[in-house]
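[1] task: produce atomic coordinates for the following.
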Amino acid sequence: MQGTLLDTPTLDAQAQTGESLGALSERTPTMLVFTRHLGCPFCREVLTILSTRRKGIEATGVQIALVHMASEAQAAPFFTHYGLGDLPRFSDPAKKLYRAFGLKQMRLSEFLTPRFWRKGRVMARRNGGGLPVGDVFQLAGTFVIFQGRIVQAIRTTRSSDIPELPGN
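    Sure thing, here's the model as predicted:
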């Protein structure tokens, strides 16, 4: 199996279920979906897409897991709203997983672009918005890991990017 090998501290991260990231990735390919802050309208769009494609993704044998910067108490009802409350979730307010997976910060200048505001208004109308819970500058990404290795990586380059997700 080729791909970037993850280090032990990363694989030791614990989901709310008590299972480690390493144990999940040993058992089955795992798609980690990194969100930005919980108020992010772009992330809410990703979660809406994920909830509609979940059965198709899981039918391929891929386990979905979520990474967020909120507390578990804040995250549980948030992800349940999208029908994703039963998925393994990794609370990462210190952003150790975000750094381990090479996710960058957005530039302040992005807030000043018409594209950001235009697209943000559309997403907020469609999916709602909320107060930020987490770092508003943190970018998102989606990774497939298997047996402790990153086998597919999608890193966003702007906060308004919606990463491609597999499934129908």
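[2] count of neighbours near the residue nearest to G61 when sequence neighbours are not counted?
    Closest residue to G61 apart from its sequence neighbours, by CB to CB, 6 or more residues apart in numbering: T28 at 6.1 Å. C-betas here are computed from N, CA, C, even on glycine. Look at T28: counted by other CB atoms under 10 Å, it has 12 neighbours.
[3] so who does T28 touch?
    Residues in contact with T28 (CB atoms under 8 Å, 6 or more residues apart in numbering) are 61-63, 146.
[4] where do the helices sit along the protein?
    Counting by DSSP state H, the chain has helices at residues 8-11, 21-27, 41-59, 72-81, 96-100, 114-127.
[5] between the ones you listed, which one is nearest to L139?
    Among these, helix 96-100 comes nearest to L139, with 8.4 Å by CB to CB.
[6] could you check how far P9 is from M106?
    25 Å (CB to CB, to the nearest Å).
[7] who's more crowded, those two?
    Under the criterion of other CB under 10 Å, the comparison of P9 against M106 puts M106 first, with 21 against 10.
[8] how about T35: what's its closest non-neighbour residue?
    Nearest-residue entry for T35: C43, 4.4 Å, with adjacent residues in sequence omitted and distances by CB to CB, 6+ apart.
[9] what residues are up against that neighbour?
    C43 is in contact with 35-37, 140, counting by CB under 8 Å, 6+ apart.
[10] give me the buried entries from the contacts of T28.
    When those are checked for burial by 16 or more other CB atoms under 10 Å, the buried set is 62-63, 146.
[11] any stretches of this structure with poor pLDDT?
    Applying pLDDT under 70 to the chain flags the ranges 1-2, 108-134, 160, 166-168.
[12] which residue is nearest the centroid of it?
    Nearest to the mean C-alpha position of the chain, by CA atoms, centre = their mean, lies F34 at 1.8 Å.
[13] partners of the closest residue to R27 other than its chain neighbours in the sheet?
    Distance criterion CB to CB, 6+ apart; nearest residue to R27, sequence neighbours excluded, is Q63 at 7.4 Å. Beta bridges link Q63 to T30 when assigned by DSSP bridges.
[14] OK, contacts around Q63?
    Counting by CB under 8 Å, 6+ apart, Q63 touches 24, 27-31, 88.
[15] how many other residues sit next to K104?
    K104, neighbours per other CB under 10 Å, totals 14.
[16] er, I49 I mean
    I49: 17 surrounding residues under other CB under 10 Å.
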